[in-house]
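Student: Sequence and computational prediction follow.
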Amino acid sequence: MRIFAKAVVSTLLEAVGMEEGVPIESKMISSGSRARRKPSRRRTSNQESHLLEYDDVMNKQREAV
């Protein structure tokens, strides 16, 4: 979270008094993080699926040559 939402998270953590390198442990933050990761994982999965399709086409072309 510190990497992807640096400005917001850094400000919040400084206000609470947390230091760099300390794990963030909160049910609210964990559930919010999980919810934000779902679309990212779905997008990554779709990209990998398309990549495998292209790879199959390339393999068929290699075999033909």
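Tutor: Yep, it's here.

Student: From the chain's centroid, how far away is the helix or strand where Ala15 lies?
Tutor: According to DSSP states H and E, Ala15 maps onto helix 6-16. Computed by CA atoms, centre = their mean, to the nearest Å, the chain-centroid distance of helix 6-16 equals 20 Å.

Student: which secondary structure elements does it contact?
Tutor: Under the contact definition 3 or more CB pairs under 8 Å, 6 or more residues apart in numbering; DSSP states H and E, helix 6-16 sits against no other helix or strand. For glycine as for every other residue, the C-beta is placed from the backbone atoms N, C-alpha and C.

Student: so the next helix or strand after that helix versus helix 6-16, what angle?
Tutor: Counting by DSSP H and E, the element after helix 6-16 in chain order, helix or strand, is helix 27-64. Interaxial angle, helix 27-64 versus helix 6-16 (axes from the mean of the first three to the mean of the last three CA atoms, to 10 degrees): 150 degrees.

Student: Return the set of buried residues in helix 27-64.
Tutor: Across helix 27-64, burial judged by 16 or more other CB atoms under 10 Å covers no residue at all.
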